[in-house]
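Colleague: need the 3D shape of this:
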Amino acid sequence: MSRLPFALLDEQSKREIRRAILKGISIPGYQVPFASRELPIGRGWGTGGLQLTLALIGKEDVLKVIDQGADDSVNAVNIKNLVEKTTGVETTIRTQEASLIQSRHRIPEVPLRKDQVLVLQVPEPEPLRKIERSEFKTKRHHAEKEYSGAYLMLFEQIMRYNQTSQGADYPVLVNDRYVMNPSPIPRYDNPKIHNSEALILFGAGREKKIYAVPPYTKVASLAFEDYPFVVEQFDGKACKETGLSNVFLDELTDEQTGETYYMCNDTSYMQEILQQKVGAK
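Modeller: Numbering: from 1, shown residues only. The predicted model follows:
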């Protein structure tokens, strides 16, 4: 019986993915095509991010996997188990302990360090896809730095709702050059990409694209002078368990009472705060 290679992928596949990563780092925000591999998970469930993780992970790494802020969701647990079984690496739920973090829909609340790598799963990497279906034309728009369509999309939202209504996939301008889709993270997380100490990688397996934001790179969310970019507001609201108000909150409803309450979306950060409060007593 043949033995699976370390981190599942063969070495040639890993080298090809690493070359795409290096090109993405060299040209921040640029979508690099790559030969996306078949994996034992369905496309659309994180194959792009998983391929980046498998190509980068080493025996000394500590892995954390998040799905919409949670470490214990089905998607996060299965990806973590797959990587753990094919590498034997240590896993953690604490952001501070991880050297490699794979995430879907969120950037952790704890600020990332320069010795960490964040991998974001991306279902749709093209920020112009909603206004242009042709791949050939979107590539030409990027080459010519023709992004009026992206601004028009936001302008239409302002005309309809008197504000930009896009809650996730909010487009950003990277290094004053490429407009980029930051993955389906909430607007709240967009500022975390700007001048991040950590390397941030984006992988779209179904669309066969890899792109990157190197550390200390300028990243600005698209906006207008009279309608500046703003993140989700939680004024007067706080996490029911921790009392935190300076975090991204989920709005929930108690099934028995019908009462609306809020919880910190980053479950591991919430647990850490609760442990600190217990220890302080």
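Colleague: just say helix, strand or coil for the residue nearest to the spatial centre of the chain.
Modeller: With distances taken as Cα atoms, centre = their mean, Leu120 lies nearest the centre of the chain, 3.4 Å away. Secondary structure for Leu120, judged by DSSP: H, G, I helix; E, B strand; the rest coil, is strand.
Colleague: residues touching it, list them.
Modeller: By Cβ atoms under 8 Å, 6 or more residues apart in numbering, the contact set of Leu120 is Gly49, Gln102, Ser103, Arg104, Ile107, Pro182, Ser183, Ile185, Ile200, Leu201, Phe202, Gly203. C-beta: built from backbone N, CA, C; applies to glycine.
Colleague: okay, and which of those residues map to strands?
Modeller: Gln102, Ser103, Arg104, Ile200, Leu201, Phe202, Gly203 (DSSP state E).
Colleague: please report phi then psi for the closest residue to the second one other than its chain neighbours.
Modeller: Of all residues not flanking Ser103 in the chain, Ile66 sits nearest, at 4.2 Å (Cβ to Cβ, 6 or more residues apart in numbering). Per-residue torsions, Ile66: phi -120, psi 140 (degrees, to the nearest 10).
Colleague: so which of the ones in strands among the contacts of Leu120 wins on neighbours?
Modeller: Gly203 (32 neighbours; other Cβ atoms under 10 Å).
Colleague: which residue ranges of the stretch 101-250 of the chain form strands?
Modeller: 117-121, 172-174, 178-180, 199-204, 209-213, 219-221, 249-253 (DSSP state E, counting those that start in this stretch).
Colleague: name the residues of the last one that are buried.
Modeller: Within strand 249-253, the residues that qualify as buried are Leu249, counting by 16 or more other Cβ atoms under 10 Å.
Colleague: relative orientation of the lengthiest helix in the chain and strand 117-121 in degrees?
Modeller: In terms of residue count, the longest helix belonging to the chain (DSSP state H) is helix 11-26. Per axes from the mean of the first three to the mean of the last three Cα atoms, to 10 degrees, the angle that helix 11-26 makes with strand 117-121 is 100 degrees.
Colleague: strand partners of the helix or strand following helix 11-26, parallel vs antiparallel please.
Modeller: Moving toward the C-terminus from helix 11-26, the next helix or strand (DSSP states H and E) is strand 32-33. Sheet partners assigned to strand 32-33 using DSSP bridges are listed as strand 209-213 (antiparallel).
Colleague: now the strand it pairs with: average pLDDT?
Modeller: The average pLDDT for strand 209-213 rounds to 98.
Colleague: got it, and stretch 111-131?
Modeller: Mean pLDDT, stretch 111-131: 96.
Colleague: okay, how far is it across that stretch, tip to tip?
Modeller: 34 Å (Cα to Cα, to the nearest Å).
Colleague: how far out from the middle of the chain is it?
Modeller: The chain centre lies 4 Å from the centre of stretch 111-131; the measure is Cα atoms, centre = their mean, to the nearest Å.
Colleague: what of stretch 106-126?
Modeller: 4 Å.
Colleague: first-to-last residue distance for it?
Modeller: So stretch 106-126: terminal residues 19 Å apart, Cα to Cα.
Colleague: next, the buried residues of it.
Modeller: 106-109, 112, 116-123, 125-126.
Colleague: and the two most separated of those residues?
Modeller: Maximum pairwise distance in these, criterion Cβ to Cβ, is 28.4 Å, between Glu109 and Glu126.
Colleague: how about Val213: what's its closest non-neighbour residue?
Modeller: Closest residue to Val213 apart from its sequence neighbours, by Cβ to Cβ, 6+ apart: Ile200 at 4.5 Å.
Colleague: the nearest residue to Pro182 once chain neighbours are set aside bridge partners, please.
Modeller: Leaving out its chain neighbours, the residue that sits closest to Pro182 by Cβ to Cβ, 6+ apart is Val172, at 5.4 Å. Under DSSP bridges, the beta-bridge partners of Val172 are Met180, Ser221.
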